[in-house]
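Enquirer: Sequence and predicted structure, then a few things I'm wondering about:
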Amino acid sequence: MQLPKDLGPMDVYRLLPGDNCGECGIKTCMGFATNLLERKGEVDDCPPMREPERKEEREKLIEMLTPPVRPIVIGEGDNAIEIGGEEVIYRHERTWYNPPPMMIDVHDQMNEEELLNRVEWISDYSRIKIGQKLSFDGIAIRSSSCDSSTFQETVRLVTENTEYPITLCSHNPDVLESGLEALEKRRPLLYAATTDNWDEVADLAVRYDCPFTISSPDLDELVEISTKALAGEVKDDQIVLNPWTDPTNIRDTLYKLVKLRRAAIEDEFESLRFPLVGVPLTAWLTEDNEIEAAFMEGATSCILISNSIDMLILHSDEIWSLMPSMVLRQDLYQDPRNPASVEPELNEVGNPDENSPILITGNFALTYYTVEGDVEGIDCYIYPVDTDGTSVTSAIAGDLMTADQIVDAIKEENFGEKVSHNTIILPGEAAVLSGQIEVDSGWNVMVGPKDSSQIKDFLKENWPPKKE
């Protein structure tokens, strides 16, 4: 089977009806084929492909478009998360698609107040970075008691107080089933199947239609259990692999991750074409030193995110330990073909009026939100020129920020209707554009600092502009 990264629109188009009926919402079948390759649609978005006579082509197309690492869904509805679904080993080959969810654990021996406080914190925590929300993604419920009724009550309390996806953690199938009974079809992830219990856990996964984790430090055992499970009633959208994470021997852990990823993507070895979950067990390695445990967990998590892990189950509640992983995840899963950017439009910061300054910058998201943060407390307008998501320095060097763009923006965005003055402020790196802008637009140009952290001081000294 051809790898998805080698496919072209024609490979997909040959299996489509080819009559350009437009029922999918796109004018041509070739356009629909391109959308499918870009993961902007599903095969069943094409009504003719759902007809019985096209069953064979539909199945071929779905298989062709299924990534080497099969996507697995945990949870239901709007709160479901998808893990896996990757096509390449290295991000720069194309992109990585599904940021690894970060699930924080609770256990069934916490008292009710402690449990609910932790659930609330996990569910509500969020921070904004370059316009995107950083948050946790789910809750892993561990059975510390090994008692079915205790575990079931904990699962019930958690699910009544959060809509987040759930992972049920126990090696005892009876305990896992008690948790499943309390979940009412919320499609949790079961953790974990081993050589001793895999058949019972796999049976639970089939009966409750949910995914489960196969866990072993031995790759041969992972292959053996996965092969046996697939030979039964387990479907290929129900398996997740856990090769164990050993923070004391991270080199061996990375070796196993790389080997599993190559087997899935390069070799398309069916028994290993599944997402990988990482569980840094540092809390149990350094129980007498919570700071050290949190540090080790944070460092290990970053290493795993950089090396193909598809999901993390974490224990620490120290933000300084968790935030590096969240930021790294955001950065690595930004499509390198489409830099993070904002729309080129006149934005208000605070409550600007007709006397407020208009600042010009680029539309690279990090640049824009840095400028926005640096002018916090000042009422102003910011216009991000469309620089194809590049920084101001790169945009000036590459002719992506031009005087013509800014002149056009002054007219199209009606700067003159927003303010009573006729002055804009350029970033220092764009000083070379000031003369042409003044000639072509009739507006005055002030050249601001190169570093946006100096904008407040600049405005304090120079705004409003002195009348000649």
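Expert: Noted; the coordinates are in hand. Numbering: from 1, shown residues only.
Enquirer: which stretches of the protein have low pLDDT?
Expert: Along the chain, segments meeting pLDDT under 70 span 1-6, 282-288, 467-468.
Enquirer: Just to check, Gly232 is in contact with Ala202?
Expert: Yes - using CB atoms under 8 Å, Gly232 makes contact with Ala202 at a distance of 6.6 Å. Any C-beta I mention is one placed from the backbone N, CA and C, and that applies to glycine too.
Enquirer: Distance-wise, check Met24 relative to Gly85.
Expert: For residue 24 the amino acid is Cys, not Met. Distance of Cys24 to Gly85, computed by CB to CB, to the nearest Å: 22 Å.
Enquirer: Please apply the same query to Gly41.
Expert: Gly41 is 15 Å from Gly85, by CB to CB.
Enquirer: Could you do Ile382 as well?
Expert: For Ile382 relative to Gly85 (CB to CB), the value is 36 Å.
Enquirer: do the same with Thr194
Expert: Look at Thr194 and Gly85: by CB to CB, they are 26 Å apart.
Enquirer: Likewise for Ala202?
Expert: Distance from Ala202 to Gly85, by CB to CB: 22 Å.
Enquirer: How about Ser271?
Expert: 18 Å.
Enquirer: Just give the nearest non-adjacent residue to the residue nearest the centre of the chain, would you?
Expert: Central residue of the chain (CA atoms, centre = their mean): Pro99, 3.3 Å from the mean position. Among residues not flanking Pro99 along the chain, Tyr333 sits closest, at 4.2 Å (CB to CB, 6 or more residues apart in numbering).
Enquirer: Kindly report the same for Thr95.
Expert: Asp335 is the one closest to Thr95 (CB to CB, 6+ apart), at 4.3 Å.
Enquirer: Pull out the buried positions in the host helix or strand of Ile122.
Expert: Ile122 belongs to helix 112-124 when assigned by DSSP states H and E. The neighbour-count check on helix 112-124 (16 or more other CB atoms under 10 Å) flags Leu115, Leu116, Arg118, Val119, Ile122, Ser123 as buried.
Enquirer: got the contact list for it?
Expert: Helix 112-124 is contacted from outside by 104, 106, 110, 136, 139, 154, 157-158, 161-164, 317, using CB atoms under 8 Å, 6 or more residues apart in numbering.
Enquirer: could I have it exported to PDB, CA atoms only?
Expert: What follows is helix 112-124, C-alpha atoms only, in PDB (Å, rounded to 0.1, in the frame of the first residue of the first chain):
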ATOM      1  CA  GLU A 112     -14.200  13.500  48.100                       C
ATOM      2  CA  GLU A 113     -13.200  17.100  48.700                       C
ATOM      3  CA  GLU A 114      -9.600  16.500  47.500                       C
ATOM      4  CA  LEU A 115     -10.800  14.600  44.500                       C
ATOM      5  CA  LEU A 116     -13.400  17.100  43.300                       C
ATOM      6  CA  ASN A 117     -10.900  20.000  43.800                       C
ATOM      7  CA  ARG A 118      -8.400  18.300  41.600                       C
ATOM      8  CA  VAL A 119     -11.000  17.400  39.000                       C
ATOM      9  CA  GLU A 120     -12.200  21.100  38.900                       C
ATOM     10  CA  TRP A 121      -8.600  22.300  38.600                       C
ATOM     11  CA  ILE A 122      -7.800  19.900  35.700                       C
ATOM     12  CA  SER A 123     -11.000  20.800  33.900                       C
ATOM     13  CA  ASP A 124     -10.800  24.600  34.300                       C
END
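Enquirer: Show me what secondary structure element comes after that helix.
Expert: strand 126-129.
Enquirer: can you pull the contacts of Val73?
Expert: Val73 touches Ala80, Ile81, Glu82, Arg187, Pro211, Asp237, counting by CB under 8 Å, 6+ apart.
Enquirer: change it to 10 Å
Expert: Contact partners of Val73, counting by CB atoms under 10 Å, 6 or more residues apart in numbering, are 80-85, 165, 187, 189, 210-211, 237-238.
Enquirer: From those residues, list the buried ones, please.
Expert: Ile81, Glu82, Ile83, Gly84, Gly85, Pro165, Arg187, Leu189, Cys210, Pro211, Gln238.
Enquirer: Setting aside sequence neighbours, what's the nearest residue to the fourth one?
Expert: Take Gly84 and drop its neighbours on the chain: the residue closest to it by CB to CB, 6+ apart is Pro275, 3.3 Å away.
Enquirer: what's the burial count for that neighbour?
Expert: Applying other CB atoms under 10 Å, we find 28 other residues in the vicinity of Pro275.
Enquirer: and what of Glu224?
Expert: Neighbours of Glu224 using other CB under 10 Å come to 16.
Enquirer: again with Arg14
Expert: 13.
Enquirer: ok, it to Ile62 distance?
Expert: 15 Å.
Enquirer: ok, now Gly435?
Expert: Relative to Ile62, and taking CB to CB, Gly435 is found at 58 Å.
Enquirer: again with Leu7
Expert: In this view, Leu7 and Ile62 are 13 Å apart by CB to CB.
Enquirer: again with Val258
Expert: Counting by CB to CB, the separation of Val258 from Ile62 is 29 Å.
Enquirer: Please apply the same query to Val419.
Expert: Distance from Val419 to Ile62, by CB to CB: 55 Å.
Enquirer: The two: which is more packed in?
Expert: Set Val419 next to Ile62 and count neighbours by other CB under 10 Å: Val419 wins out with 17 against 14.
Enquirer: How about that one: what's its closest non-neighbour residue?
Expert: Glu354 is the one closest to Val419 (CB to CB, 6+ apart), at 5.1 Å.
Enquirer: which element is the one you found on?
Expert: Glu354 belongs to no helix or strand, assigned by DSSP H and E.
Enquirer: And for it, the neighbour number?
Expert: 9.
Enquirer: do Thr95 as well
Expert: There are 17 residues near Thr95, going by other CB under 10 Å.
Enquirer: Doesn't it lie inside a helix?
Expert: No - applying DSSP: H, G, I helix; E, B strand; the rest coil, one finds Thr95 to be coil, outside a helix.
Enquirer: List the contacts of it.
Expert: Per CB under 10 Å, 6+ apart, neighbours of Thr95: Arg39, Glu86, Glu87, Val88, Leu332, Tyr333, Gln334, Asp335, Pro336, Arg337, Asn338.
Enquirer: of those residues, buried ones?
Expert: Buried among the contacts of Thr95 by 16+ other CB under 10 Å: Glu86, Glu87, Val88, Gln334.
Enquirer: Now compare the residues you listed and name the two farthest from each other.
Expert: Glu87 and Gln334 (16.3 Å; CB to CB).
Enquirer: Asn422 contacts Trp443, doesn't it?
Expert: Yes - using CB atoms under 10 Å, Asn422 is in contact with Trp443, at 4.8 Å.
Enquirer: and these two? which has more neighbours close in?
Expert: Remark: of Asn422 and Trp443, Trp443 carries more neighbours, 17 against 14, as counted by other CB under 10 Å.
Enquirer: Over to that one: give its phi and psi.
Expert: Dihedral pair for Trp443: phi -90, psi 150, per degrees, to the nearest 10.
Enquirer: Lys450 versus that one, what's the distance?
Expert: 21 Å.
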